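>>> Predicted structure and sequence below. I'll ask about it afterward.
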Amino acid sequence: QVQLVESGGGLVQAGGSLRLSCAASGGTLSRYAMGWFRQAPGKEREFAAAITWIGAFTYYADSVKGRFTISRDSAKNTVYLEMNSLKPEDTAVYYCAAKRTYLSGSALAGGYDYWGQGTQVTVSS
């Protein structure tokens, strides 16, 4: 059983930056991929970015590619989402997720088993 706790959300002006953190515990994380998803008010939850624990292979949604960077710190069992050039449409609750897989690429965009509680990101115009 993997437990995930997000932090780092907040209010930022358009064009600004935020870094989200996701602390993971439980399970053997080397067998997992970690993802970030987001859900804006009135919209479905959508994939943003993912990373494999082994090899640190990354995959991004087109909407965030070039602006967001996902990374992981194996020593701290923590995954980060560095968000730059933020836009008002990035406003959402951001969720960290984990799934057991050795796949990479587009296979990382769904099928997650474990979820954090979410952290709010608000981008003002």
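Arrived safely, thanks for sending.
>>> C-alpha from now on. contacts and neighbour counts both.
Noted.
>>> So which residue is dead centre in this structure?
Trp36 (2.1 Å; Cα atoms, centre = their mean).
>>> need the contact list for the closest residue in space to that one that isn't next to it in sequence.
Leaving out its chain neighbours, the residue that sits closest to Trp36 by Cα to Cα, 6 or more residues apart in numbering is Cys96, at 4.7 Å. Cys96 makes contact with 4-6, 22, 34-37, 115-116, 118 under the criterion Cα atoms under 8 Å, 6 or more residues apart in numbering.
>>> swap in Met83?
Neighbours of Met83 in contact, by Cα under 8 Å, 6+ apart: 17-20, 67-69.
>>> Would you work out how far apart the start and end of stretch 101-112 are?
Chord length of stretch 101-112, first to last residue, is 10 Å (Cα to Cα, to the nearest Å).
>>> re earlier: which of the three states applies to the residue nearest to the centre of the chain?
Recorded secondary structure, Trp36: strand (DSSP: H, G, I helix; E, B strand; the rest coil).
>>> contacting residues for it?
Trp36 is in contact with 47-50, 81, 94-97, counting by Cα under 8 Å, 6+ apart.
>>> out of those, which is most surrounded?
Highest neighbour count within the contacts of Trp36: Ala50, with 32 neighbours (other Cα atoms under 10 Å).
>>> picking up where we left off before, which pLDDT value goes with the residue nearest to Trp36?
At Cys96, the model reports a pLDDT of 98.
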